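>>> Here's my sequence, what's the structure:
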Amino acid sequence: MGIRPRRLSHGGRVVEDSLIAAGFCTTSPRVSLIETTLPLPRRRVLVQNAWNVVDEDELGRLLAPYPSRMRRRMRVRRAVAQANVAMADEAWCLTDAAAELVRAGSRAATVRVSPVAGPWDLMRHERVPGGVPRSDQVIVPGTITWYKRPDDALRWISENHDRLGTRQVLFAGEDDGSGCWPYVYDLAGQMGLTVRRQTLDRPQLYAAMRRSAAVVVPSALETLGFALSEALCHASTVVASPLASHREVANRLGRFPEWLGEGSSEHRTSEPAQVSDRLIGVQAAWVALGRSLGLPRRAGDARTSTSAGVLRGG
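Numbering: from 1, shown residues only. Coordinates of the predicted model:
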């Protein structure tokens, strides 16, 4: 079974594109931006996927719903990642939560953190309070896959449909082919919810979030938490699973969602007043990451370019 070293996940594309927007080259013989590159001696490896470092018991629980072919592929990728991290001089993470997983679940010699709270273009597409017509749908962003717990999103929406004023749900992401989407579709029908699926590019997603009745991010495992940071910058009502990475992103942005399982139906998402003051720090964080990794600069420093925040759709 071959490994495709440059087949990036959505999060991986965001990391690469954000570093490019910050003015860095993303190829270096001594730096790997993904831990599943074919094993080579690398001085620094960026650990982006918690699947590769989460403990074995938790891994087994998360893998259980997936078809055997997908479980095998995930374990092969995990083995490659573990070898890369063990050989690297330094393993780098974007959140303290991810760093703790790497320290506990790998043979990394040195683990460092260069904190980043969201994509480079969060500031460019900042939410504009007021004046945005609301839609009658709830957005669930991200790939439709078992570990993102779309069933938890449906349960919350079903329990809160009177408060939301809608039973319409948009899953804004790709179907991973694991059988999760047919299950979600059937479960929604049993709950009296209407669901549809559509892959949106970044401007479309941000616009949909601004109009949404709510954005729900129910994942059981996240390394970066960028879906939450995007929701906190654009949506009026945000609900999220209380993962360590999610709490970290919320703390950095200064806005907090309703935490699944920790709030009542009367709880409301905190106001986004502080987000604007902190967004400029997101772009500075990408510059700091590129420097920490030792990535070479690109011709023309994109930190001052107004067009640098345009990222590929995903």
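
>>> elements contacting the helix or strand bottoming out on mean pLDDT in the chain?
Taking all helices and strands of the chain together, the one with the lowest average confidence (mean pLDDT, DSSP states H and E) is helix 275-293, at a mean of 85. Here helix 275-293 is seen to pack against helix 10-21, strand 90-93, helix 226-234, helix 244-253 when contacts are counted using 3 or more CB pairs under 8 Å, 6 or more residues apart in numbering; DSSP states H and E. The C-beta positions use only the backbone N, C-alpha and C, and glycine is treated the same way.

>>> Give me the contact list for it.
Around helix 275-293, the neighbours that count as contacts under CB atoms under 8 Å, 6 or more residues apart in numbering are 18-19, 21-24, 28, 31, 33, 44, 46, 92, 94, 112, 114-120, 122-123, 126-127, 229, 232-233, 252-255, 303, 309.

>>> How about stretch 72-87?
Contact partners of stretch 72-87, identified using CB under 8 Å, 6+ apart, comprise 1, 3, 32, 35-42, 45, 47, 49, 51-53, 59, 63, 66, 91, 102, 106-109.

>>> Just the buried residues from these, in ChimeraX please.
In ChimeraX, this line selects whichever of the contacts of stretch 72-87 come out buried by 16 or more other CB atoms under 10 Å:
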select :32,35,36,37,42,45,47,49,51,52,53,59,63,66,91,102,106,108
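
>>> Now intersect the contacts of stretch 72-87 with the helices, please.
Judged by DSSP state H, the contacts of stretch 72-87 include Leu59, Leu63, Val102 as members of helices.

>>> closest one to Arg298 among the helices and strands packed on helix 275-293?
When the helices and strands packed on helix 275-293 are ranked by distance to Arg298, counting by CB to CB, first place goes to helix 10-21 at 7.2 Å.

>>> Could you figure out how far that closest one is turned away from helix 226-234?
Orientation of helix 10-21 against helix 226-234 (axes from the mean of the first three to the mean of the last three CA atoms, to 10 degrees) gives an angle of 60 degrees.

>>> and helix 10-21, what does it pack onto?
Secondary-structure packing of helix 10-21 (3+ CB pairs under 8 Å, 6+ apart): helix 275-293.

>>> Check the offset of the helix it packs on from the chain's centre.
Helix 275-293 sits 17 Å away from the centroid of its parent chain (CA atoms, centre = their mean, to the nearest Å).

>>> Give me the angle between that helix and helix 244-253.
Going by the same axes, to 10 degrees, helix 275-293 is angled at 120 degrees with respect to helix 244-253.

>>> okay, helix 275-293 in PDB with CA atoms only?
Provided in PDB are the C-alpha atoms of helix 275-293 (Å, rounded to 0.1, in the frame of the first residue of the first chain):
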ATOM      1  CA  VAL A 275     -12.200  38.800  18.100                       C
ATOM      2  CA  SER A 276     -11.400  41.800  15.900                       C
ATOM      3  CA  ASP A 277      -8.600  42.900  18.300                       C
ATOM      4  CA  ARG A 278      -7.000  39.400  18.100                       C
ATOM      5  CA  LEU A 279      -7.200  38.600  14.400                       C
ATOM      6  CA  ILE A 280      -4.100  40.400  13.500                       C
ATOM      7  CA  GLY A 281      -2.200  38.100  15.800                       C
ATOM      8  CA  VAL A 282      -3.300  35.100  13.700                       C
ATOM      9  CA  GLN A 283      -1.300  36.400  10.700                       C
ATOM     10  CA  ALA A 284       1.700  37.200  12.900                       C
ATOM     11  CA  ALA A 285       1.500  33.600  14.200                       C
ATOM     12  CA  TRP A 286       2.000  32.200  10.700                       C
ATOM     13  CA  VAL A 287       5.100  34.300  10.200                       C
ATOM     14  CA  ALA A 288       6.400  33.100  13.600                       C
ATOM     15  CA  LEU A 289       5.700  29.500  12.600                       C
ATOM     16  CA  GLY A 290       7.500  29.800   9.300                       C
ATOM     17  CA  ARG A 291      10.600  31.300  11.000                       C
ATOM     18  CA  SER A 292      10.500  28.600  13.800                       C
ATOM     19  CA  LEU A 293      10.500  25.800  11.200                       C
END
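
>>> what mean pLDDT does stretch 12-30 have?
Mean pLDDT, stretch 12-30: 92.

>>> remind me which residues of this structure are low pLDDT?
With pLDDT under 70 as the threshold, the chain has low-confidence stretches at 1-8, 39-41, 123-133, 263-279, 300-314.

>>> now the strands for the chain?
Listed from the start of the chain, the chain has strands (DSSP state E) covering 31-32, 44-46, 90-93, 111-113, 137-141, 168-172, 194-197, 214-217, 238-240, 258-259.

>>> how about those in CSV, adding distance to Leu295?
Below are the strands of the chain laid out as CSV (distance: least, CB to CB, whole Å):
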stretch, distance to Leu295
strand 31-32, 6
strand 44-46, 9
strand 90-93, 11
strand 111-113, 15
strand 137-141, 28
strand 168-172, 31
strand 194-197, 36
strand 214-217, 29
strand 238-240, 31
strand 258-259, 35
